[in-house]
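S.K.: coordinates only, sequence not included:
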């Protein structure tokens, strides 16, 4: 019985010219979004590869110079896009793709693609994820608002109920038919996205497919909950117009109002410092020390006394190594404590904000889905933080090697010491290993839980609407 | 086959149906007459289980509608004033769908046969019903009653708005169904059809069945006169 109704709904939907036009538009948008994202990711990857090669060449061929000065010369390292960025670009356009690594400073990731864009970019970036989050629910609503309310108005519901069909078979059959129609619409887009992903996956493909599987499950749950809610509302309202009004209001709140409102409320209650304030504060702490009492100069004075004492010397020139290199190493260590403190606080706050927005998904499922989607795609802030952290660790290692070279290879008091290509080549090339799926899961699990809550509630709502289904609403 | 036992329905303070006692036997056509708001459609809705009675009971072939509405409906066919069909499906596709919902899966040629029996030719049956007249829709409704093998047929103003030829054809089909043992309860304003088709006629006024007449009674007297006399009493 349920399958008979589902089959009829499926055929009816595809015979409806409005659905075919809507479906075609959504399909084209999904495919175009996927292809555009792939093109952007490929172009960015090619640019990054060529820039990284150029950086390495410039570094190796910089000529002879003091190894600490080479630390100031610095290098850029570049962020690889996640293969799933073809589906969901997440925060990537807004967090930057390159970090300049230099002595004494932990720089923020720079070169945001959004900075190069026109003002139109502010209206959002088209991605397959966005189309699925916003447009597919709209299509589901347009298909489902009259599923039962329309039949009540036209009289076919009386006809169907008079045949002894149970209300639960009607609502479940309608929901199933609706989902089958949407699945048939999404199948070609999913196949194209899978093909794009297969091309982009490369090594570590099984990890990527695991993430893709979870993405499919999350979006499947989202579309299903929209279908269930739509059919439940259609079953509970007197006419199709009321059903459409309720469902469009829900869609607008979920897809337009809630993301903006949640973002504003969360940023208001969990504020982050402005960039200039952050930099100033951090540089102040580098100079004054974190507690404000034990300044950098005092700490270095104490460090000099301690070093001389340890080696039983009275002058730094008598030490068995270059004291300037030794100080640079200590200076980096002290600065690192300050950087860890400030960046840790900032990043923790941004992640707190992200989690709070995801929890607002309790009121609007799109927020939970968006958060889970970015986490599974590897394009959320937590993944970005892992890259920024890896780049900083690379910077510290790179500066440590340069300072150690100065400390152990330059004669005490020798200010003219220079190192050359042999040292530059010894410094490792930056390589970033993206975090495993378990990391993505730990970031996504709260959102998945919220989404599951919505899913369960929508199914319960559907069942409840079946128990109240009447041919005539009093 | 169709039984109403002290069937009563109130809408807030208004009594829509007041202790209706009625029995329609297999093969019998019973016409329920009455002015608007007399309780005719309420009676149909109570037999369909779309409304719950405040007291009394409706039964279809021995099955209590209130106790098991789904089982009771399985024994019924229902033809409203305007048979509602899915406009993006053809006549035969509509019949196939409704027939499956009624628990009867039939081959396509059988469905065409049933539609032809109901007076709808194959060419028309293959067309989408968006273009169907009211009479053609009623034929699909009759074919559905044939397809599901219903033991009882509930009709709510079935000939309202039909032209005389279509009304006559509909009447012919109704008699044929009754001839096959189907109990027919027809709520109508059409006094002519009631006198021509029904074995018994009942008059509902203010939710009460105020009179019942056999076919012989109404053939001997002018039904319109009886009707007007009863509703103004």
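M.R.: That came through, no problem. Model, not experiment: these values are computed from the prediction.

S.K.: Which helix in chain A has the most residues?
M.R.: helix A:17-60 (DSSP state H).

S.K.: which helices and strands does it pack with?
M.R.: The contact analysis (3 or more Cβ pairs under 8 Å, 6 or more residues apart in numbering or on different chains; DSSP states H and E) places helix A:17-60 against strand A:75-78, helix A:128-130, helix A:136-144, helix A:167-201, helix A:421-426. Any C-beta I mention is one placed from the backbone N, CA and C, and that applies to glycine too.

S.K.: tell me which residues in the last one are buried?
M.R.: Neighbour counts using 16 or more other Cβ atoms under 10 Å in any protein chain shown place A:423, A:424 of helix A:421-426 among the buried residues.

S.K.: tell me which parts of the stretch 151-300 of chain A are close to chain B?
M.R.: A:154, A:155, A:156, A:158, A:159, A:160, A:161, A:162, A:163, A:164, A:165, A:166 (Cβ under 8 Å from any Cβ of the partner chain).

S.K.: which element is residue B:18 on?
M.R.: strand B:14-24 (DSSP states H and E).

S.K.: So which elements touch the helix or strand residue A:215 falls within?
M.R.: Residue A:215 is part of helix A:205-236 when elements are defined by DSSP H and E. When contacts are defined as 3+ Cβ pairs under 8 Å, 6+ apart, helix A:205-236 packs onto helix A:136-144, helix A:149-154, helix A:167-201, helix A:240-252, helix A:365-377, helix A:437-467.

S.K.: Just give me how far the fifth one sits from the chain centre.
M.R.: When distances are taken as Cα atoms, centre = their mean, to the nearest Å, helix A:365-377 is centred 8 Å away from the chain's centroid.

S.K.: same thing with the last one?
M.R.: Here the centre of mass of C-alpha atoms in helix A:437-467, compared against the chain's by Cα atoms, centre = their mean, lies 20 Å away.

S.K.: Equivalent analysis for the first one, please.
M.R.: If you compare the mean C-alpha spot of helix A:136-144 with that of the full chain, they lie 26 Å apart, counting by Cα atoms, centre = their mean.

S.K.: Below-threshold pLDDT in the chain: ranges please.
M.R.: Went with chain A since none was named. The model of chain A has pLDDT under 70 over residues A:109-125, A:201-204, A:289-295, A:472-474.

S.K.: oops, chain B please
M.R.: In chain B (pLDDT under 70), the answer is B:220, B:233.

S.K.: Give me the most central residue, chain B.
M.R.: With distances taken as Cα atoms, centre = their mean, residue B:155 lies nearest the centre of chain B, 1.6 Å away.

S.K.: among the helices and strands packed on helix A:205-236, which is nearest residue A:3?
M.R.: Comparison of those against residue A:3 by Cβ to Cβ identifies helix A:167-201 as nearest, at 7.3 Å.

S.K.: quick one: that closest one to chain centroid distance?
M.R.: That offset, for helix A:167-201, works out to 24 Å (Cα atoms, centre = their mean).

S.K.: next one: stretch B:5-19
M.R.: The answer for stretch B:5-19 is 21 Å, by Cα atoms, centre = their mean.

S.K.: Does that stretch reach chain A?
M.R.: No - contact of stretch B:5-19 with chain A is not found when judged by Cβ under 8 Å from any Cβ; the minimum separation is 8.7 Å.

S.K.: what's in contact with that stretch?
M.R.: The set of residues external to stretch B:5-19 that reach it, using Cβ atoms under 8 Å, 6 or more residues apart in numbering or on different chains, is B:20-22, B:39, B:42-43, B:46, B:51, B:53-59, B:206-208.

S.K.: of these, buried ones?
M.R.: Buried by 16+ other Cβ under 10 Å: B:20, B:22, B:39, B:42-43, B:46, B:51, B:53, B:56, B:58-59, B:206-208, out of these.

S.K.: Check whether residue B:158 really touches residue B:185, as I assumed.
M.R.: No - using Cβ atoms under 8 Å, residue B:158 makes no contact with residue B:185, being 11.1 Å away.
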